[in-house]
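> Please find the sequence and the predicted model below.
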Amino acid sequence: MKKKKSLKREIIEWIIFLGVIGFLFGTGLHTPVFGFIQGLILKTGVIQPSIDPKETAKADYDFMLVDQKGKHVKFETFEGKVVFVNFWATWCPPCVAEMPDIHDLYNNMKSKDVEFVLISLDDDFQKAKQFVHRKDFEFPIYQLAGPLPPVYESSAIPTTYVISPQGEIVVSKSGMAKYNTKKFRSFLEELKN
């Protein structure tokens with residue numbers, strides 16, 4: 001008799017669990033909810049980018065972007081600078097999770113000659129612009145205006161690259177990470193020298 005109640009309870013729990021998951025996906029709330037949970041994980045500082053400037057690749061500046069105002073921007077305008085490049089989308093929970101931390105990094109580094117290029121992979125760039133506006137993020141966002149050079153292709157988002165003034169990709173991180181740390185900020189500042 002006890003096993004029957006246990007089995008019945010387990011079935012009810014599974015129905016409730018699947019109902020909640022179905023509700024989240026059906027209403028589109030899965031991205032902010034999962035993003036919030038992943039954001040809590042990021043706050044622990046457990047997931048950080050690997051900083052190993054010995055493993056580099058040559059950056060490719062030969063592609064075009066469109067900024068939030070619809071202006072075409074050649075990526076080569078960032079050549080000779082420290083560039084933080086992040087590929088993201090509004091439908092990607094880990095992207096949403098790391099955005100507040102990237103915004104904090106941007107606020108800490110914007111006066112220190114570090115360029116931030118956040119490239120939205122949303123099909124509708126308007127969604128990305130609305131997301132950034134709703135969250136009061138100040139960093140510039142872009143969309144691709146043509147093909148992306150192979151050196152930046154990744155099978156995962158978010159993906160982040162840091163390019164040195166010498167044109168080397170010195171950080172390549174697939175997946176979310178906590179970037180606004182003292183160690184990472186110092187690393188970005190040292191790249192300028």
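Great, that's in hand. Numbering: from 1, shown residues only.

> ok now do residue 80, which residues does it touch?
165, 167 (CB atoms under 8 Å, 6 or more residues apart in numbering). Using the backbone N, CA and C atoms, a C-beta is placed for each residue, glycine as well.

> try it again with 10 Å
Contacts for residue 80 (CB atoms under 10 Å, 6 or more residues apart in numbering) come out as 61, 163-167.

> Residue 116 too?
Each residue near residue 116 by CB under 10 Å, 6+ apart is listed here: 78, 82-86, 102-103, 105-106, 109-110, 138-141.

> 6 Å instead?
Residue 116 makes contacts with 84, 106, 139, as judged by CB atoms under 6 Å, 6 or more residues apart in numbering.

> Not counting residues beside it along the chain, what's closest to the last one?
So that's residue 139. Once flanking residues are discounted, residue 139 sits nearest to residue 106: 4.3 Å by CB to CB, 6 or more residues apart in numbering.

> Following the chain onward from the helix or strand of the chain with the lowest mean pLDDT, which element is next?
In the chain, the helix or strand scored least confidently by mean pLDDT, DSSP states H and E is helix 30-43, which has a mean of 66. Following helix 30-43 in sequence order, the next helix or strand is strand 57-58 (DSSP states H and E).

> Quick one: distance of the helix or strand immediately after that following strand in the chain to the chain centre.
For strand 57-58, the following helix or strand on the C-terminal side (DSSP H and E) is strand 64-67. The chain centroid and the centroid of strand 64-67 are separated by 18 Å, computed with CA atoms, centre = their mean, to the nearest Å.

> If you count neighbours, what's buried in strand 64-67?
For strand 64-67, the buried set under the neighbour-count rule, 16 or more other CB atoms under 10 Å, comprises 65-66.

> average model confidence for it?
Per-residue pLDDT over strand 64-67 has a mean of 97.

> hey, where'd the strands end up in the protein?
Counting by DSSP state E, the segments of the chain that form strands are 57-58, 64-67, 72-74, 82-88, 114-120, 141-144, 159-163, 168-174.

> Which one of the ones you listed lies nearest to residue 15?
strand 82-88 (34.8 Å; CB to CB).

> Name every strand pairing with that closest one and say which way it goes.
Within its sheet, and counting by DSSP bridges, strand 82-88 is paired with strand 114-120 (parallel), strand 159-163 (antiparallel).

> Most tightly packed of those strands?
strand 159-163 (a mean of 23; mean count of other CB atoms under 10 Å).

> Strand 168-174 and that strand, what's the angle between them?
170 degrees (axes from the mean of the first three to the mean of the last three CA atoms, to 10 degrees).
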